Each structure stands twice: as C-alpha cells, then as structure tokens.
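Colleague: this one's structure only:
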C-alpha cells in the first residue's frame, strides 16, 4: 500500500477575512480603550462625572447665555455692575470678540491694506497643505517655494514699499499676524540651526565643540524674557552710532536663537540614540562626514525625536506671547490691550477675550500635535 504524500505547499495567498464581530464596532472600541480593566473603568467613570459636572455650566455660559452681537459694553453688563438684565443674564460676551476681531487678527495694520496679510495666509496654506501630505509629488519644488520663495514674497507683501504697495511699519503689526510670523520664522530657522549646533557639540574639533557648548548652555540658562529684553533694549547700545535694526527683526532673531539652543539638545539626543554600527557601516562604504550625516544618520535621528521637535515648536508658538514685554502685541497682547477700551469695559469681556485667545492657541498646538502623531505612525517602519 502506497503511503500518502502529506507535503503541502500553498500556491496562493489566503483571502483576508473580516475580524470577529466581537472585535468590531463601538462596543469593542469602548472595551479596549475605556473599560479594559477595573482600574480603567473606575477612571472612565470619574472622568465622565467630571465632564458632566463642568460641561453644562460652560455650555450655558459660552452658548446659551452668551451675547453674540452688540455695539458696546451695555449688551455684556452683569448684575455685578448694578444693571438690569432679563432673567439675571450672565454669559460670554462674544460681541466684544466680534467687534475687535479685526484687531485680534491684524493689530493696527491699515484696514484698507489687510488684503495683503490675507493673501499671505492663503499662499501659506496653499504651500503647507501639499507639503504636509505625504502622497503629493514634487516635494523638492514645494519645499523651495515654502521655505525660500514664500518668505521673500511675504516680506514684500507685508512690509510694502515696492511695486506701488504702501509701506506698513512693523510696529503697526499685531495680533495673530505677529504670532504666526514669529512662529514660522522661528520654526524655519531653529531646526537647521539646531541640527548644526548639535553636530557641532558632537564634533571632535575642540574650538567648534566649545563654541557650540557655550552658546547652547548660555541660551538655555536664561529665560526667553531676558533674551527678548537684550535683543530689544540692550543690543542697540552695543551697535555703532547710527546703526539700528527693526524691533520686530530683533525679536525674530531672539526667538529663533532661543529655540535653536533647545532644538540642538533634542537633535543631539536623537544622534546619541543611533547605534554605533550605523556610523561604522557608513564609514565602511567610504562616505564622507556630511554624506554620512545627511544620508544615513540624520534621517534616523530626526525620526526618533519627532515628539521632541514638535514639542519645541509648540512651546515656541506659545512663548511668542512674551513679546508683549517689549511693546509688541501678538494675539494675546492685542486681546489684553483691548481690555482698556472704555466702550467694552465689562467683567465679561476679559474672560471672553482670553477664552477666544486660548481657543486659537489650542487649535494650532493641537493641530501640530496630531500631525506629529501621524508622522510618527507613518515613519515607524522599524516596528511594523
């Protein structure tokens, strides 16, 4: 009797099947993320109770009892002011935000010229969106337009003085315009500078290493307020007579150098996390120092420290509010400046203005954080 041949080789892939019903749907997601254990269940219940306690009053203040339109503070008067209100009204004064919205966005930028920062914003969005989408082609051209061409075009559009555009002094800038300008320049300048300082700190050349260490430790050892104060007040004292710089430019330089020092330490952490074998493998291929760094080491190091890089960007975006101390008014500074307007002097206007500013900051910071998480998942090829 001939034995049966039990050898089996599959000639085609097995067709993918749907997961079990118990692993799909909202119920499965809730079990995995909110009720996976007794501790998770207790924390979930506590969180829901806190939300149930805080959310209804906030909705009532922000939406139900809010005043959305009005000419002055009379629409936002409260019982504490001794006025007479229907049904004891007390809520957010969004009428103040609506009336001052233009200043919150552009500061004292001339109203008839506000189309220029709006155009700059449209160009920025048109360039940053395809740059952030991995599947969009021609990234090299996009990067050149975003990081080289766009800053020049934005400068001439915002400052003017050429092509028939009226000149607008930077002291008249303010609001979200200043916040985004400082953040954009700080991000674009601090990352490459941080990489250079990180490489310099790991250099075997004593002069370069010492210079980078001194710069990094000096800048990290003082608060940003001090750097801005030095750039705005003290720097002109050391310049030759008749030589001066625009205050906004000095703030840009101060913020960029401050962020670069922190970025250098973030990048250095990524460089130290790369195994020694990667360096040796690059050397065995006969690659020079810069070829090794650009092609082998830096792509891996930067991928490892994406959370730290984005965290530095987020911190810098929020720290732009400190330019208020050198008489420059970013979004938060303009909001605070308008509290002194007698037309809108009401207990509700400061709260409403600060909540609006906080919402704007949160939207930008949350967006950067979520995009950072997306890039981490996409580049996490080593764990798939």
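Modeller: Structure's in. What do you need? Computed from a predicted model, the values in this text were never measured in an experiment.
Colleague: residue closest to the middle of the chain?
Modeller: residue 314 (4.1 Å; CA atoms, centre = their mean).
Colleague: That one - nearest residue in space that isn't next to it in sequence?
Modeller: The shortest distance from residue 314 to any residue that is not its chain neighbour, by CB to CB, 6 or more residues apart in numbering, is 4.9 Å, and that residue is residue 365. Quick note: C-beta positions are derived from backbone N, CA and C, even for glycine.
Colleague: Please report how far the one you found lies from residue 334.
Modeller: For residue 365, the distance to residue 334 equals 19 Å [CB to CB, to the nearest Å].
Colleague: who's more crowded, the two?
Modeller: residue 334 (25 against 16; other CB atoms under 10 Å).
Colleague: Domain-wise, how is the chain divided?
Modeller: Domain ranges of the chain: 26-65, 91-109+168-376, 110-167, per the TED database.
Colleague: my read: residue 343 touches residue 70, true?
Modeller: No - counting by CB atoms under 8 Å, residue 343 stays clear of residue 70, with 10.6 Å between them.
Colleague: These two: which is more packed in?
Modeller: Between residue 343 and residue 70, residue 70 has the larger neighbour count (other CB under 10 Å), namely 16 against 13.
Colleague: what about that one, which SS state?
Modeller: The local conformation at residue 70, judged by DSSP: H, G, I helix; E, B strand; the rest coil, is coil.
Colleague: Phi and psi next, for it.
Modeller: Note on residue 70: backbone dihedrals following degrees, to the nearest 10 are phi 160, psi 160.
Colleague: Pull up the gap between it and residue 351, please.
Modeller: When CB to CB is applied, the distance between residue 70 and residue 351 equals 16 Å.
Colleague: the helices in the stretch 151-300 of the chain, which residues?
Modeller: For the stretch 151-300 of the chain, the helices defined by DSSP state H, counting those that start in this stretch occupy 176-201, 206-220, 224-229, 235-238, 247-273, 276-284, 289-292, 298-304.
Colleague: which stretch in those is the model least sure about?
Modeller: Among the helices of the stretch 151-300 of the chain, helix 235-238 has the lowest mean pLDDT, at a mean of 74.
Colleague: Give me the residues contacting that one.
Modeller: Outside helix 235-238, the residues that touch it by CB atoms under 8 Å, 6 or more residues apart in numbering are 244-245, 250.
Colleague: What I need now is those residues written out in a markdown table, including neighbour count and distance to residue 136 for each item.
Modeller: Conversion of those to a markdown table gives the following (neighbours: other CB atoms under 10 Å; distance: CB to CB, whole Å):
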| residue | neighbour count | distance to residue 136 |
| --- | --- | --- |
| 244 | 11 | 43 |
| 245 | 14 | 38 |
| 250 | 20 | 36 |
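Colleague: For residue 142, state which of the residues you listed is nearest.
Modeller: residue 250 (30.7 Å; CB to CB).
Colleague: doesn't residue 232 make contact with that closest one?
Modeller: Yes - in terms of CB under 8 Å, residue 250 counts as a neighbour of residue 232; the distance is 5.6 Å.
Colleague: which residues in the chain form strands?
Modeller: Taking DSSP state E as the test, none of the chain falls into strands.
Colleague: contacting residues around the closest residue to residue 282 other than its chain neighbours?
Modeller: Taking CB to CB, 6+ apart as the measure, residue 282 lies nearest to residue 292, with 4.0 Å between them; neighbours along the chain are not counted. Under the criterion of CB under 8 Å, 6+ apart, the contact partners of residue 292 comprise 279, 282-283.
Colleague: ok, now how distant is residue 292 from residue 203?
Modeller: Distance of residue 292 to residue 203, computed by CB to CB: 14 Å.
Colleague: how deep is the nearest residue to residue 320 once chain neighbours are set aside tucked in, by neighbour count?
Modeller: Using CB to CB, 6+ apart and skipping residues adjacent in sequence, the residue nearest residue 320 is residue 182, 4.4 Å away. The burial count assigned to residue 182 is 25, neighbours taken as other CB under 10 Å.
Colleague: residues in contact with residue 182?
Modeller: Neighbouring residues of residue 182 by CB under 8 Å, 6+ apart: 251-252, 255, 320, 323, 330.
Colleague: Now distance to residue 160 and neighbour count too, for the residues you listed, in a markdown table please.
Modeller: Supplementary listing: these in a markdown table, determined by distance: CB to CB, whole Å; neighbours: other CB atoms under 10 Å:
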| residue | distance to residue 160 | neighbour count |
| --- | --- | --- |
| 251 | 20 | 26 |
| 252 | 18 | 21 |
| 255 | 23 | 26 |
| 320 | 23 | 24 |
| 323 | 22 | 26 |
| 330 | 21 | 26 |
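Colleague: Show me which pair in those residues is furthest apart.
Modeller: Of all pairs drawn from those, the one with the largest separation by CB to CB is 252 and 330; the distance is 12.5 Å.
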